[in-house]
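In: Task: produce atomic coordinates for the following.
(2 chains)
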There are 2 protein chains.
Amino acid sequence: MKFSPKVQGLIEAFKCLPGVGAKSAQRMAFHLLERNRAGADALSEALSVAMRDVGHCRQCRNFTEADVCDICLSEKRKQSGLICVVESPADVIAIEQTGEFQGRYFVLMGHLSPIDGIGPGDLGLDVLETTLQQDNVSELILATNPTVEGEATAHYIASLAKDFNVSVSRIAHGVPVGGELEYVDGNTLSHALSGRKNY
Amino acid sequence: MKFSPKVQGLIEAFKCLPGVGAKSAQRMAFHLLERNRAGADALSEALSVAMRDVGHCRQCRNFTEADVCDICLSEKRKQSGLICVVESPADVIAIEQTGEFQGRYFVLMGHLSPIDGIGPGDLGLDVLETTLQQDNVSELILATNPTVEGEATAHYIASLAKDFNVSVSRIAHGVPVGGELEYVDGNTLSHALSGRKNY
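Out: Alright, predicted model coming up:
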């Protein structure tokens, strides 16, 4: 048995969301139809507006509806001379929430992955090169994910930055704060040991 | 730190979905912006179409964009003389998927809940009464949830149906097929025992 076509259409459309299968899609559709039609209309509007207007910042490639995003426009951040390279916009938020970093970002929107056909051009590394060339960048902080692809991407960008006389650093790998040694994997532990600091 | 206004607006809008908090909303927004803009446009369109057109079936109160839904229109189902009363459209689907039931439905869109101000009128019981009066209904099957509110609602509808000389039944409570007795709660087990059948 099928629902009526427009209800079925809505359920199918919800399946484009990550982590949403048949049951969740059905639950979302019924929830909105039954209890929150105003919210559904707002969601529909927000989706169409965002898809129409939101693009990438010309400088850092983060999502924004402006030509250049607020972070890149900040003179104070530019003067810090720091650029933090991350894989995704979510990483920018994560770092911003620490309140520790006052420089600019560069968002790769992915990582090098030759098997998927993702090369340096797809990560906008030509844009990064231009920034390294023109702006007064003192340090490039590589904050890609500590995965095989993330490490490979960091390695590639590090070798690329050498040509521009910019110092390059990689965020520390080690035991997460609040974690228990017993449950930390061996790879992380060996990173934590080799990266030990004088106390 | 905030995202640009339209990205932030999209993330906020996703929070109207059930089970979607700040992190999931962000993940959904980024997923669509990065990887599936066509899907997002389709979702926006499906939402606005569904919210505009989908209402309730005049007879069974299930969701449909038509005046009367396909199930209620079926002459074969009407002739069966059976009406199954359920709490939500999702329950209709669950029963339809068994392929066992060939009657019509009546969807309460909730259950009696005086504390929330939900009375018989909100469940469309006047519509059900009209059906019982006019159509040739032989049996009313109460398939509300086996919760306190569901049982109370079933009880209320049963007493209401008595006036119309319609036989009323309640779906069986017992041990779920494939379950293990050890893990079944006591209440269900005592239902299973008291509802035992000759073998």
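In: How far off centre is the lowest-mean-pLDDT helix or strand in chain A?
Out: Every helix and strand of chain A was ranked by mean pLDDT, DSSP states H and E. The lowest is helix A:186-194, at a mean of 87. Mean C-alpha position of helix A:186-194 versus that of the full chain (CA atoms, centre = their mean, to the nearest Å) differs by 25 Å.
In: Point out the other elements, helices or strands, that the lengthiest helix in chain A touches.
Out: Longest helix of chain A, by residue count under DSSP state H: helix A:37-53. Applying 3 or more CB pairs under 8 Å, 6 or more residues apart in numbering or on different chains; DSSP states H and E, we find helix A:37-53 packed against helix A:22-35, helix B:5-14, helix B:22-35, helix B:37-53. Heads up, the C-betas are built off the backbone N, CA and C, glycines and all.
In: Burial check on residue A:125, number of neighbours?
Out: 20 (other CB atoms under 10 Å in any protein chain shown).
In: still on that earlier bit, most packed of the helices and strands packed on helix A:37-53?
Out: Across the helices and strands packed on helix A:37-53, averaging neighbours per residue (mean count of other CB atoms under 10 Å in any protein chain shown) puts helix B:5-14 on top, at a mean of 20.
In: Can you report the mean pLDDT over the residues of that helix?
Out: Taken as a whole, helix B:5-14 carries a mean pLDDT of 94.
In: Can you report how many residues neighbour residue A:112?
Out: Residue A:112: 22 surrounding residues under other CB under 10 Å.
In: actually residue A:196, not the one I typed
Out: Neighbours of residue A:196 under the rule other CB under 10 Å: 8.
In: And for residue A:144?
Out: So residue A:144, with other CB under 10 Å, has 25 neighbours.
In: got a pLDDT number for the closest residue to residue A:5 other than its chain neighbours?
Out: Excluding its sequence neighbours, the residue lying closest to residue A:5 (CB to CB, 6 or more residues apart in numbering or on different chains) is residue B:65, at 7.3 Å. With respect to pLDDT, residue B:65 scores 92.
In: so who does residue B:65 touch?
Out: Contacts for residue B:65 were tallied using CB atoms under 8 Å, 6 or more residues apart in numbering or on different chains; they are A:4-7, B:53-55.
In: what about 6 Å?
Out: A:4, A:6, B:53-54 (CB atoms under 6 Å, 6 or more residues apart in numbering or on different chains).
In: Where do the domain boundaries of chain A fall?
Out: Using automatic domain parsing, the domain ranges for chain A come out as A:5-53, A:78-170.
In: of these, which approaches residue A:180 most closely?
Out: Residue A:180 lies closest to domain A:78-170 among the domains of chain A, at 19.1 Å (CB to CB).
In: hmm, back to that, which members of the contacts of residue B:65 are the farthest-apart pair?
Out: Top of the distance list for the contacts of residue B:65 (CB to CB): A:4 and B:53, 9.3 Å.
In: residue boundaries of the strands in chain A?
Out: Applying DSSP state E to chain A gives strands spanning A:55-56, A:63-64, A:82-86, A:104-107, A:139-142, A:167-170.
In: Kindly reformat the ones you listed as CSV containing distance to residue B:154 and mean neighbour count.
Out: Shown next, in CSV, are those (distance: least, CB to CB, whole Å; neighbours: other CB atoms under 10 Å in any protein chain shown):
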stretch, distance to residue B:154, mean neighbour count
strand A:55-56, 55, 16
strand A:63-64, 51, 24
strand A:82-86, 56, 23
strand A:104-107, 56, 25
strand A:139-142, 63, 20
strand A:167-170, 64, 14
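In: related to what we said a few turns ago, would you convert the helices and strands packed on helix A:37-53 into JSON lines that also reports distance to residue B:104?
Out: Formatted as JSON lines, these follow (distance: least, CB to CB, whole Å):
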{"stretch": "helix A:22-35", "distance to residue B:104": "20"}
{"stretch": "helix B:5-14", "distance to residue B:104": "36"}
{"stretch": "helix B:22-35", "distance to residue B:104": "37"}
{"stretch": "helix B:37-53", "distance to residue B:104": "23"}
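In: So for residue A:176, which of those sits nearest?
Out: helix B:22-35 (17.7 Å).
In: Now look at stretch A:17-24 and say if it contacts chain B.
Out: Yes: Stretch A:17-24 lies within reach of chain B by CB under 6 Å from any CB of the partner chain, at A:17-18.
In: Span of that stretch from start to end?
Out: Distance between the boundary residues of stretch A:17-24 (CA to CA, to the nearest Å) amounts to 10 Å.
In: Give me the contact list for that stretch.
Out: Residues contacting stretch A:17-24 (CB under 6 Å, 6+ apart): A:14, B:27-28, B:31.
In: Turn those into JSON lines, including distance to residue B:180.
Out: Below are those laid out as JSON lines (distance: CB to CB, whole Å):
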{"residue": "A:14", "distance to residue B:180": "34"}
{"residue": "B:27", "distance to residue B:180": "36"}
{"residue": "B:28", "distance to residue B:180": "37"}
{"residue": "B:31", "distance to residue B:180": "39"}
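In: And the residues you listed, which two are furthest apart?
Out: Checking the contacts of stretch A:17-24 with CB to CB, the most distant pair is A:14 and B:27, at 14.5 Å.
In: Apart from its neighbours in sequence, what residue is nearest residue A:50?
Out: Excluding its sequence neighbours, the residue lying closest to residue A:50 (CB to CB, 6+ apart) is residue B:10, at 4.2 Å.
In: hang on, that neighbour packs against residue B:31?
Out: No: assessed by CB atoms under 6 Å, residue B:10 is found out of contact with residue B:31, at 11.2 Å.
In: that older thread, make CSV from the domains of chain A and add distance to residue B:131 to it.
Out: Below are the domains of chain A laid out as CSV (distance: least, CB to CB, whole Å):
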stretch, distance to residue B:131
domain A:5-53, 22
domain A:78-170, 52
